[in-house]
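Enquirer: need a 3D model of the following:
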Amino acid sequence: MKVLITVKAAPEPSKSYGDTVCVAGIRVDREPHEWIRLYPVPFRHLATEEQFSKYQVVELDVNPPQRDSRVESRRPVWGSLTIGEAALKVPARATVLEPMQTRTMCELVAGVQANMNAQSLGLVRVRELQRFEITDHPGWTPDQQASISASLEPTLFDDPDAKPVPALEAPRLRVYYKYLCMSEDCGGHRQSILDFEMSALQYRGRHLPIEELKARITTKFRDEKFGTDKRTSLFVGNIADPMKRRSFSALGVFTVPAGSDYSSTLF
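Expert: Predicted coordinates for the structure are as follows:
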């Protein structure tokens, strides 16, 4: 399949890889376009030539997931990966993404309440950002830390010429959006931001005073993403655990100029 990559979530500790990320996007090689989740993706451990960017189109083979009943989920076959040219510009992205905005956040939550295997990925429009919250991150749990430590132990199969990947550090902060979606009777949604860019920003700012780091996060994820001159939507998704499917997180932010119209078809 060919997938327009729209989401790279923040890396999380993994027993098998040390850490992995969840990648999501739009399958664009057939109509109608559909949401696709690729997992696991050991992104920090991929060779440089395998590390794709958001809004690039990749082509790869996939298998059904082993323990995930969500309809969008696939297990990638990394040996088949081909990465397309440079990331699509905003108008080209929008021609694919805006037609995918078929449900509000309230409707997605209602869907999984009725059927746990209902749509689990989406792009939802934000009507109003009510609050931007920054809290302390509690650090990795003992199980998560054990997974990271185990991945650092050498094995007979390690490539001696491979560049070592530093252990995954827990971010210092958690960030949340509290917002209203486009449903008229929306009571509000509070979702943590699990964007890879948030993780990268915190890693680059790991030596900064905490208040300066908070200011940079606020600029990047509030001031630059919301305003009367922008139309802002969130990429959202839930997790595989059937008992927690009703809980969605913000996986990324998509903005276009207010009043813009991207109605042509790209693929």
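Enquirer: over to stretch 60-72 now: how far is its first residue from its last?
Expert: End-to-end span of stretch 60-72 (CA to CA, to the nearest Å): 15 Å.
Enquirer: so for stretch 132-139, what gets flagged as buried?
Expert: Residues of stretch 132-139 classed as buried by neighbour count (16 or more other CB atoms under 10 Å): 132, 134. Quick note: C-beta positions are derived from backbone N, CA and C, even for glycine.
Enquirer: how far is that stretch from where the chain is centred?
Expert: Here the centre of stretch 132-139 is set off from its chain's centre by 18 Å, with CA atoms, centre = their mean, to the nearest Å.
Enquirer: by mean pLDDT, point me to the weakest helix or strand of the chain.
Expert: One helix or strand of the chain scores below all others by mean pLDDT, DSSP states H and E: helix 142-151, with a mean of 81.
Enquirer: could you give the average pLDDT over the following helix or strand past it?
Expert: Per DSSP states H and E, the first helix or strand lying C-terminal to helix 142-151 is strand 173-180. Per-region confidence: strand 173-180 scores 98 on mean pLDDT.
Enquirer: buried residues, the helix or strand following strand 173-180. List them.
Expert: Remark: after strand 173-180, the chain's next helix or strand is strand 189-192, criterion DSSP H and E. Across strand 189-192, burial judged by 16+ other CB under 10 Å covers 189, 191, 192.
Enquirer: same deal with stretch 99-115?
Expert: Buried-residue list, stretch 99-115, by 16+ other CB under 10 Å: 100, 103, 104, 105, 106, 107, 108, 109, 111, 112.
Enquirer: ditto for stretch 236-256
Expert: Neighbour-count burial for stretch 236-256 [16+ other CB under 10 Å]: 236-238, 240, 245, 248-256.
Enquirer: can you redo the residues you listed as TSV with distance to residue 67?
Expert: Shown next, in TSV, are those (distance: CB to CB, whole Å):
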residue	distance to residue 67
236	22
237	17
238	15
240	7
245	14
248	20
249	20
250	24
251	20
252	25
253	30
254	30
255	35
256	37
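Enquirer: of these, closest to residue 5?
Expert: Checking the buried residues of stretch 236-256 against residue 5 by CB to CB gives residue 252 as the nearest, at 10.3 Å.
Enquirer: ok, residue 126 touching residue 186?
Expert: No. Contact criterion CB atoms under 8 Å: residue 126 and residue 186 do not qualify, at 10.4 Å.
Enquirer: so what touches stretch 41-54?
Expert: With contacts defined as CB atoms under 8 Å, 6 or more residues apart in numbering, stretch 41-54 is touched by 5-8, 11, 14, 17-23, 58, 76, 78, 81, 83, 87, 165, 168, 196, 252.
Enquirer: keep only those of those residues that are in helices.
Expert: The helices, defined by DSSP state H, take in residue 196 from these.
Enquirer: mind listing which of the contacts of stretch 41-54 are in strands?
Expert: Judged by DSSP state E, the subset of the contacts of stretch 41-54 located in strands is 5-8, 14, 18-23, 58, 76, 78, 81, 83, 252.
Enquirer: can I get the buried part of those residues as one ChimeraX selection?
Expert: Buried residues among the ones in strands among the contacts of stretch 41-54 (16+ other CB under 10 Å), as a ChimeraX selection:
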select :5,6,7,8,14,18,19,20,21,22,23,58,76,252
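Enquirer: quick revisit: and residue 126 and residue 186? which has more neighbours close in?
Expert: Per other CB atoms under 10 Å, whichever of residue 126 and residue 186 has more neighbours is residue 126, with 23 against 15.
Enquirer: low-confidence ranges, the chain, go.
Expert: Applying pLDDT under 70 to the chain flags the ranges 151-164, 263-267.
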